[in-house]
Structures are given as structure tokens and as C-alpha cells.
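Engineer: need a structure here:
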Amino acid sequence: MSVERTARGMGTREARVRVSRGALRRNIEDILRWTTDIAIDLRRDACGHGADLVAGVARELGVRIYSEGDDPAGARSLAPLDAVYGLAGRGTPAMTLAAPVLSTKPLRAGEGVSYGYRFRAERDTTIALVAGGYAQGLVRAIGGHAETLLNGSRRRIVGRIAMDVHVVDLEGAGAEPGDESVLFGEGDPSLLAAWAAATGMTELELAACVGRSVEREAIA
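Structural biologist: Have a look, this model is predicted:
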């Protein structure tokens, strides 16, 4: 039996990205400790982090920017983007992808979920349907190979990633519609590393896919 209620935690039924000005500032300041002759590449909307937001932080710190249409010669002193955005173990993650639980449902041993029933429960459990799918930049290959942070604990993403949703095995834990699931970013940088391992893509590429596909908000 599925449970449907008004979302109470996130106040939305869609996946969202939060980009932290404070994390961007700290990361750029760390880069400036070893070199001041840099520009930050803002092409492709600052790899999904928001060109206007990143440019604003850079200008506050006196750092040049490099954007669409600029002279290619300016690329000779570009800052490493992994370090700017806190990816691949360099600095503090600036982007967080969060999504609300939409509903929960009991799953009996042997029952399957999602396309092709790639995941079948080994024991009776409860699953959560969570917003966010490949239309929002979640690469389908992470299904069965990545986890999410839900109510303070890591939970497995199971089955195939659908267009707008994915499934999480609660493994005996509780969850309610509206509870926030953090797919990567704040609190656990290793979550996105698992995406990279499953897909063969870099953390920067994965963040860019998501950041350009969902609603984004800037936070302090």
C-alpha cells in the first residue's frame, strides 16, 4: 500500500540543487593561497553551478572570470574547476542535490521494482519513491550502485533510474513524504564519488548534468 501525503519537509515535489556561496568563497580563497594569477571558467553556466552566482563570488575576491566569447588566450591561467566547486576531494562541495520522498510502499521478498525488475527484494522491506530521474540529470547507471543520505543514514538507490523518479530501499528505517533525501553534496562527498565510479564520468561532468537540469537556488 502506497502512502501519499502533502510534502512537508522540502515544500516541493521535485529535485532541487542548492549552491553555497560560502563553499565557493572558501574554495576560491584556498586556491588564492598558492596562486593569484587565475581566472575562473564560467562556460556552460559555470558547469551548472550558475554563472552569475560564481562570477559574483569571484569578483568579491578580486578574481578574473572567463566566459563564453572571451579571448581564448585567457584560458592559460584558468583555476582548476574541481577545486573551485569542491569536487573529487578538493575543497568543500558547493553543490547539493536534494529531493523529497514522494511516497513509501512495502515490498515483500522476491518482489521487484522499476523497469525490468532489476532489483528484487531479498527480504521484506519498505521502499521510498523519491523525486529525480534521468530527466533531471541522474545518470541511469547509478541505479543499484549509489546511495543517498536520508534522515541521517545512507540508503541504497535500487532498480533502474526512471525519467522523473528513483527508488530507495529503506531497509527497515522510517520515512515520510516530504522527507529530504540528499543524493550528493553537503554532508558526504563520497556519494558523488560513487556516481563517478558507476558511470565512468567525472564528478564535474555529473554535477554539470544535474545543475543544468533542475531548479537551482543559491544559499549562504
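
Engineer: Could you pick out the longest helix of the protein?
Structural biologist: Taking DSSP state H as the assignment, the helix of the chain that covers the most residues is helix 21-32.

Engineer: elements contacting it?
Structural biologist: Identification of packing neighbours for helix 21-32 by 3 or more Cβ pairs under 8 Å, 6 or more residues apart in numbering; DSSP states H and E yields helix 51-60, helix 81-85. C-beta here means a position set from N, CA and C on the backbone, and glycine is covered the same way.

Engineer: tell me which residues in the helix or strand following the last one are buried?
Structural biologist: Helices and strands here follow DSSP states H and E; after helix 81-85, the next one along the chain is strand 95-107. Neighbour counts using 16 or more other Cβ atoms under 10 Å place Met95, Thr96, Leu97, Ala98, Ala99, Pro100, Val101, Leu102, Ser103, Thr104, Lys105, Leu107 of strand 95-107 among the buried residues.

Engineer: Repeat that for stretch 54-65.
Structural biologist: Val54, Ala55, Val57, Ala58, Val63, Ile65.

Engineer: measure the second one to Arg44 for me?
Structural biologist: Pointing back at Ala55 there. Plainly put, Ala55 is 14 Å away from Arg44 if you go by Cβ to Cβ, to the nearest Å.

Engineer: Using the record's domain definitions, break the protein down for me.
Structural biologist: When the chain is parsed with automatic domain parsing, its domains come out as 3-15+94-219, 20-85.

Engineer: on that earlier part again, not counting the longest helix of the chain itself, show me its contacts.
Structural biologist: Helix 21-32 has contacts (Cβ atoms under 8 Å, 6 or more residues apart in numbering) with 38, 40, 49, 53-54, 56-58, 60-61, 63, 79-80, 83-86, 90-94, 218-220.

Engineer: a markdown table please, covering the buried residues of stretch 54-65 and showing pLDDT and distance to Gly159.
Structural biologist: Conversion of those to a markdown table gives the following (pLDDT from 0 to 100; distance: Cβ to Cβ, whole Å):
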| residue | pLDDT | distance to Gly159 |
| --- | --- | --- |
| Val54 | 98 | 35 |
| Ala55 | 97 | 40 |
| Val57 | 98 | 38 |
| Ala58 | 97 | 41 |
| Val63 | 95 | 43 |
| Ile65 | 93 | 42 |
